[in-house]
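1. This is a predicted model, with the sequence first.
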Amino acid sequence: MLSGRRENLTALSESFDSQSDCEDGSRAYEKEGKGKRLWKKVKYQLVEYHSLPGYLRDNEFILGYYRSGWPLKQVFLSIFSIHNETLNVWTHLIGFFIFLSLTVYTAMKIPKVMDLHSLQQLPNFLKGTDLNKIRAELLKCIPSLPNMPDFHRLGDELKTSLPSMDLFSSLSGWHITELLTNCLPEQFTVTSQTDDSFLSNIKDNMANMVAPLLVQQPITRWPFFAFLGGAMFCLLASSTCHLLACHSETLSYILLRLDYAGIAALIATSFYPPVYYSFMCNPFFCYLYLGFITVLGAATIGFSLFPVFEKSHFRSFRAALFFAMGMSGVAPIIHKLILYGSQPEALQTTGYEVLMGVLYGTGAFLYAMRIPERWKPGKFDIAGHSHQLFHILVVAGAYTHYQAGLIYLKWRDMNGC
């Protein structure tokens, strides 16, 4: 009996010891869990400038709110948190979506143009006239008309393609009357008609002949879309770099190369619309200017691949290099004004281009001089520092250039060479 009691007491003691061990294990696990959560919370805290590794030290006047060594998941999620790169990311990410919308709008809403000025005095409907027959008769009789150089041009162009807008706008009412009465006597008889009925007959039949021919084929759009593509690439590359560069030194190196390439691409493609549409009738200068800026942009991208290019003391040199790329556009602008200075489109586009240059140049100056954070270090860590201002001015400058591009498209669509 005594041995049985001893066994029961031993079992009870072991039971208490086991329960105590479980409680101790539970406490230890709970402490370990709290420790991990606390470490995780501390690990993803924002740090100050002096705590950064060398590859993240770029602006000593921004003192705090840095991310450093975060895993990709946390880095991606930080797009919705507050740190000193938040506005750098969003200013260009919003700009990217703005230009994506503009690209879609341009592709869908501005595919063709029509010179409605020449149709203002014509009816808005077409009669059931055989236009092919009228065109054939015009080709036969236009060369025989005396003192009608415009009609000779019309005959040549009808043999190859649709006439241009400025041809029809240059024809006077007397020219049109002579054309219709001499070339198409069967369609336009003037005997026993009053002046009003004659003019009405002229207008109705002129609509049949001219209206379909006034739908001008749009000029090529690839230079304009090249600029839009360069702008979107620059803005998206910049946003990605500012968001993810804090993950590791390797990723930072790759993304900075991408960021510099985006800046060079934006500057280079910004030249394509003004150069192409200004000199499309002068192929030598067109290809000369396009080739020069393309080679210069490629050289800048190539130079940016060297690690030394990203060093902090090369900050002013980077800004100066991109500024020099932009200034190389002065020559084609002056050349354009020499050729077309009397045309309002040339002056309007030049005004936009000067404004674009001022915006880009101001942004580059602020970026290089680190204004305003150099005046009050630490005061502009979250908002208002030079890189954010640079981003805003870049988007504004690119949008200004987009407006100039629309004028170029309308100008060349309406007038050709």
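-> Sure thing, it's come through.
2. Going by residue numbers, what spans are helices in the stretch 201-350 of the chain?
-> Taking DSSP state H, counting those that start in this stretch to define them, one finds helices in the stretch 201-350 of the chain at 222-244, 249-278, 283-304, 315-327, 330-340, 344-369.
3. where among those helices is the average confidence lowest?
-> Lowest mean pLDDT of the helices of the stretch 201-350 of the chain: helix 315-327, a mean of 73.
4. and that helix, C-alpha only, in CSV?
-> Extracted C-alpha coordinates of helix 315-327, given in CSV (Å, rounded to 0.1, in the frame of the first residue of the first chain):
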residue,chain,number,x,y,z
ARG,A,315,25.9,65.7,-58.9
SER,A,316,26.6,69.0,-60.6
PHE,A,317,28.2,67.3,-63.5
ARG,A,318,25.2,65.1,-64.1
ALA,A,319,22.9,68.1,-64.1
ALA,A,320,25.2,70.0,-66.4
LEU,A,321,25.4,67.1,-68.8
PHE,A,322,21.6,66.8,-69.1
PHE,A,323,21.3,70.6,-69.3
ALA,A,324,23.8,70.6,-72.2
MET,A,325,21.7,68.1,-74.0
GLY,A,326,18.7,70.4,-73.7
MET,A,327,20.6,73.4,-74.8
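5. and it with helix 283-304, angle?
-> Orientation note: helix 315-327 sits at an angle of 170 degrees relative to helix 283-304 (axes from the mean of the first three to the mean of the last three Cα atoms, to 10 degrees).
6. Does anything pack onto helix 315-327? Which helices or strands?
-> With contacts taken as 3 or more Cβ pairs under 8 Å, 6 or more residues apart in numbering; DSSP states H and E, helix 315-327 sits against helix 249-278, helix 283-304, helix 344-369. All C-beta atoms are positioned from the backbone trio N, CA, C, and that covers glycine.
7. Tabulate the helices of the stretch 201-350 of the chain in CSV, adding columns for mean neighbour count and distance to Ala398.
-> As requested, the helices of the stretch 201-350 of the chain are arranged in CSV below (neighbours: other Cβ atoms under 10 Å; distance: least, Cβ to Cβ, whole Å):
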stretch, mean neighbour count, distance to Ala398
helix 222-244, 22, 5
helix 249-278, 22, 7
helix 283-304, 16, 16
helix 315-327, 17, 12
helix 330-340, 16, 17
helix 344-369, 18, 8
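8. if we can go back for a sec, looking at the helices and strands packed on helix 315-327, which is closest to Phe224?
-> Distance to Phe224, taken as Cβ to Cβ, is lowest for helix 249-278 among these, at 5.1 Å.
9. and the angle from that closest one to helix 344-369?
-> Note on geometry: by the same axes, to 10 degrees, helix 249-278 and helix 344-369 are set 160 degrees apart in direction.
10. got the helices of the stretch 201-350 of the chain as CSV, with distance to Leu389 columns?
-> Shown next, in CSV, are the helices of the stretch 201-350 of the chain (distance: least, Cβ to Cβ, whole Å):
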stretch, distance to Leu389
helix 222-244, 14
helix 249-278, 16
helix 283-304, 22
helix 315-327, 13
helix 330-340, 24
helix 344-369, 5
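11. Quick one: closest of those to Leu52.
-> Closest to Leu52 of the helices of the stretch 201-350 of the chain, according to Cβ to Cβ: helix 249-278, at 11.3 Å.
12. quick one: that closest one to helix 330-340, angle?
-> Going by the same axes, to 10 degrees, helix 249-278 makes 20 degrees with helix 330-340.
13. in the chain, what spans have low per-residue confidence?
-> Per-residue confidence for the chain (pLDDT under 70) gives these ranges: 1-43, 110-217, 309-316, 319.
14. just to revisit the earlier point, turn the helices and strands packed on helix 315-327 into TSV, including distance to Pro377.
-> Compiled in TSV, the helices and strands packed on helix 315-327 are given as follows (distance: least, Cβ to Cβ, whole Å):
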stretch	distance to Pro377
helix 249-278	23
helix 283-304	28
helix 344-369	14
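15. and Leu87, what is it in contact with?
-> 382-383, 388, 391 (Cβ atoms under 8 Å, 6 or more residues apart in numbering).
16. which among those residues end up buried?
-> When the contacts of Leu87 are checked for burial by 16 or more other Cβ atoms under 10 Å, the buried set is 382, 388, 391.
17. These in helices, which ones?
-> Taking DSSP state H, the ones among the buried ones among the contacts of Leu87 that sit in helices are 388, 391.
18. Who are the contact partners of Glu60?
-> Each residue near Glu60 by Cβ under 8 Å, 6+ apart is listed here: 49, 377.
19. Kindly provide the distance from it to His385.
-> 12 Å (Cβ to Cβ, to the nearest Å).
20. ok, back up a step: for Ala404, which of the helices and strands packed on helix 315-327 is the nearest?
-> Going by Cβ to Cβ, the one of those nearest Ala404 is helix 344-369, 3.6 Å.
21. In space, what's closest to Tyr55 - neighbours in sequence excluded?
-> Spatial nearest neighbour of Tyr55, chain neighbours left out: Glu249 (4.5 Å); criterion: Cβ to Cβ, 6 or more residues apart in numbering.
22. Distance check, that neighbour against Ser68.
-> For Glu249 relative to Ser68 (Cβ to Cβ), the value is 11 Å.
23. One more: Pro218?
-> 51 Å.
24. Run a quick check on the residue nearest to Tyr55 versus Arg57, I expect a contact.
-> No. With contact defined as Cβ atoms under 8 Å, Glu249 does not count as touching Arg57 (11.7 Å).
25. Quick one: the buried ones among the contacts of Leu87 as JSON lines, columns for distance to Tyr105 too.
-> Converted to JSON lines, the buried ones among the contacts of Leu87 look like this (distance: Cβ to Cβ, whole Å):
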{"residue": "Ile382", "distance to Tyr105": "34"}
{"residue": "Gln388", "distance to Tyr105": "27"}
{"residue": "His391", "distance to Tyr105": "23"}
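26. ok, the buried ones among the contacts of Leu87 vs Gly397, which is closest?
-> Nearest to Gly397, judged by Cβ to Cβ, of those is His391 at 10.8 Å.
27. Fine, thanks again, bye for now.
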